[in-house]
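**Q** need a 3D model of the following:
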Amino acid sequence: MKPSQMLYVHIPFCHAKCAYCDFYSTPQPRLMERFAEALAAEADERCPEGFSPDTIYIGGGTPSMLPPKLLGQTMRRLPAPADTMSEFTVEANPEDVTPEWTGLLLAETRANRVSMGIQSLDDGELEAIGRRHSAGQARKAVSTLREGGVDNLSLDLIYGLPGQSLDSWKRSLDGVLEMRPDHLSAYLLSYEPATRLGRLLERGLVEEASEALVGEMYGYLCQAARSAGYEHYEISNFALPGRRARHNSGYWDGTPYIGLGPGAHSWWGGRRGAVAPDLARYLRLGGRGVWQAEEETDAERYNDIIITSLRTSAGLKPGRIEREVGPGFRDRLAEAAAPLIDRGLLALGPDGAMAIPERHWLVSDSIFIDLIIA
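**A** Next up is the predicted model:
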């Protein structure tokens with residue numbers, strides 16, 4: 001049985017930048033065809049012979065901004081064997097979803113899963129964060145995808161938005177759960193310094209949600225999703241039985257992956273690396289020689305494993321630390337974990353795996369600080 005491996009493709013185009021987003025994107029659709037050529041060249045150079053990804057994720061940016069025929073032509077030039085792929089996800093925005101787009105997506109690509117960013121079902125909240133769709137468009141897009149044959153659908157929400165109340169969060173969450181997506185991602189808003197919201201926060205023009213409010217929102221999220229039949233398998237991710245995101249789960253369990261496109265990261269051959277988030281440079285080089293390795297120390301690798309694995313309900317088996325970093329680091333983990341276990345912030349499973357209980361996931365960053373090597 002071959003080891004698992006994954007492919008990520010970053011589509012660097014967006015209609016406009018959302019106020020909270022710090023992912024690399026640019027509003028230059030005229031460059032799409034040149035980008036597709038450069039992407040194929042990068043894949044030829046970087047994907048080794050025999051590369052056969054189990055999962056593919058097309059992210060961005062806004063992949064649904066790319067015409068499906070062009071996306072299909074692009075995918076046919078990438079290593080994407082249908083007989084080995086278990087999951088092929090394409091991200092979409094509600095304003096791009098039409099019956100024609102959905103039909104072409106399924107006809108032109110091998111995509112079997114769509115991940116769509118709804119973020120809120122309150123039009124005022126959507127406007128405050130710069131989204132281009134309305135709550136009505138989001139609901140219509142879900143119906144269009146389902147009617148068009150998409151039977152594996154993931155929806156995104158954000159809580160802690162500017163001006164968002166507990167009641168408005170409940171309405172958005174309940175509304176999405178009524179749509180019965182196969183998978184739900186719900187993220188606490190992060191005010192990144194380089195974003196429009198980050199700058200507004202710095203100038204005192206918006207206010208972060210209080211810890212008490214965020215705690216209530218998170219508590220309702222956990223309770224409502226559980227009552228609706230969803231498994232809470234990662235801090236921000238919930239799935240109906242059998243519908244966990246296989247690709248994203250690979251990031252958390254250390255599955256090797258190649259990332260293509262400007263801004264994409266990779267973990268391949270025991271090395272981390274990235275393509276610079278610079279479309280002009282990417283096109284100038286024709287997609288070749290764009291990947292740069294990043295040196296990673298044993299301590300950094302140890303920290304990466306801690307932070308990714310403890311985001312999940314499965315947690316971390318200490319043997320993984322010993323296998324991937326070294327026996328001394330397993331001893332270090334055991335020593336750092338002992339007081340957290342005594343305080344109930346970490347729990348040990350029957351297989352020896354340590355995990356953060358769901359009730360403490362919202363404060364996981366403070367637990368990581370006690371475990372990682374500064």
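**Q** next, the distance between the ends of stretch 129-136.
**A** With CA to CA, to the nearest Å as the measure, stretch 129-136 spans 17 Å from end to end.
**Q** please apply the same query to stretch 71-89.
**A** End-to-end distance for stretch 71-89: 13 Å, by CA to CA.
**Q** which residues does the helix or strand containing I341 contact?
**A** Assigned by DSSP states H and E, I341 falls within helix 327-342. Residues from elsewhere that reach helix 327-342 (CB atoms under 8 Å, 6 or more residues apart in numbering): 298, 302, 306, 318-319, 321-322, 346-348, 354, 367, 370-371, 373. All C-beta spots, glycine's among them, are computed from the backbone N, C-alpha and C.
**Q** before we move on, what about stretch 228-241?
**A** 177, 180, 182-188, 222, 225-226, 244-245, 248-249, 252, 311-314, 358, 361-362, 364.
**Q** mean confidence score for that stretch?
**A** Summarised as a single mean, pLDDT over stretch 228-241 is 98.
**Q** can you tell me which residues contact the residue nearest the centre of the chain?
**A** Centroid-nearest residue in the chain, with CA atoms, centre = their mean: N248, separated by 6.4 Å. Counting by CB under 8 Å, 6+ apart, N248 touches 57, 234, 237.
**Q** before we move on, the earlier item: now, the contacts of stretch 228-241 that are in helices?
**A** Among the contacts of stretch 228-241, the members found in helices (DSSP state H) are 177, 222, 225-226, 248-249, 252, 364.
**Q** could you measure from the residue lying closest to A41 once chain neighbours are set aside over to E45?
**A** Distances taken as CB to CB, 6 or more residues apart in numbering put G287 closest to A41, at 3.9 Å, once the chain neighbours are dropped. Noted for G287: a distance of 7 Å to E45, by CB to CB, to the nearest Å.
**Q** all strands for this protein, in order.
**A** 6-11, 55-60, 87-92, 113-119, 153-159, 183-188, 231-234, 237-239, 257-260, 265-268, 271-275, 291-294, 347-348, 354-355 (DSSP state E).
**Q** mind exporting the fifth one as PDB, just the C-alpha atoms?
**A** The C-alpha atoms that make up strand 153-159 are tabulated as PDB, following Å, rounded to 0.1, in the frame of the first residue of the first chain:
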ATOM      1  CA  LEU A 153     -20.600  20.100   0.500                       C
ATOM      2  CA  SER A 154     -18.700  22.000   3.200                       C
ATOM      3  CA  LEU A 155     -19.800  25.400   4.400                       C
ATOM      4  CA  ASP A 156     -17.700  28.000   6.300                       C
ATOM      5  CA  LEU A 157     -18.900  30.400   9.000                       C
ATOM      6  CA  ILE A 158     -17.100  33.000  11.100                       C
ATOM      7  CA  TYR A 159     -18.000  34.100  14.700                       C
END
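**Q** give me the neighbour count for the closest residue to I58 other than its chain neighbours.
**A** Take I58 and drop its neighbours on the chain: the residue closest to it by CB to CB, 6+ apart is V90, 4.6 Å away. Neighbour count for V90, taken as other CB atoms under 10 Å: 27.
**Q** V90 contacts M65, correct?
**A** No - counting by CB atoms under 8 Å, V90 does not reach M65; the two are 11.3 Å apart.
**Q** pLDDT below threshold where in this structure?
**A** Counting by pLDDT under 70, the chain shows low-confidence ranges at 1-3, 81-84.
**Q** which among the contacts of helix 327-342 end up buried?
**A** Buried members of the contacts of helix 327-342, scored by 16 or more other CB atoms under 10 Å, are 302, 306, 318, 321, 346, 354, 367, 371.
**Q** tell me the one of these nearest D122?
**A** Using CB to CB, I367 comes nearest to D122 of the buried ones among the contacts of helix 327-342, at 32.0 Å.
**Q** can you report phi and psi for the closest residue to the closest one other than its chain neighbours?
**A** Of all residues not flanking I367 in the chain, L345 sits nearest, at 5.4 Å (CB to CB, 6+ apart). Dihedral pair for L345: phi -80, psi -20, per degrees, to the nearest 10.
**Q** and L345, how far is that from N303?
**A** 18 Å.
**Q** cool, and V150?
**A** 37 Å.
**Q** neighbour count: those two, which is higher?
**A** Each of V150 and N303 has its neighbours counted (other CB under 10 Å); V150 has more, 22 against 18.
**Q** can you name the residues that contact that one?
**A** Contacts of V150 (CB under 8 Å, 6+ apart): 102, 106, 113-114.
**Q** those: which two are farthest apart?
**A** Farthest pair in these, by CB to CB: T102 and R113, 12.9 Å.
**Q** and the nearest residue to A355 once chain neighbours are set aside, how many neighbours?
**A** Leaving aside its sequence neighbours, A355 sits nearest to G315 (CB to CB, 6+ apart; 2.8 Å). Using other CB under 10 Å, G315 has 19 neighbouring residues.
**Q** G315 against P357, yeah?
**A** No - at 10.0 Å, G315 does not count as touching P357 under the criterion of CB under 8 Å.
**Q** JSON lines for the contacts of N248, including neighbour count and distance to D156?
**A** Shown next, in JSON lines, are those (neighbours: other CB atoms under 10 Å; distance: CB to CB, whole Å):
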{"residue": "Y57", "neighbour count": "26", "distance to D156": "14"}
{"residue": "E234", "neighbour count": "21", "distance to D156": "14"}
{"residue": "N237", "neighbour count": "24", "distance to D156": "10"}
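**Q** now those residues in JSON lines, with distance to P277?
**A** Shown next, in JSON lines, are the contacts of N248 (distance: CB to CB, whole Å):
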{"residue": "Y57", "distance to P277": "17"}
{"residue": "E234", "distance to P277": "25"}
{"residue": "N237", "distance to P277": "25"}
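**Q** re earlier: which of the ones in helices among the contacts of stretch 228-241 are buried?
**A** Buried by 16+ other CB under 10 Å: 177, 222, 225, 248-249, 252, out of the ones in helices among the contacts of stretch 228-241.
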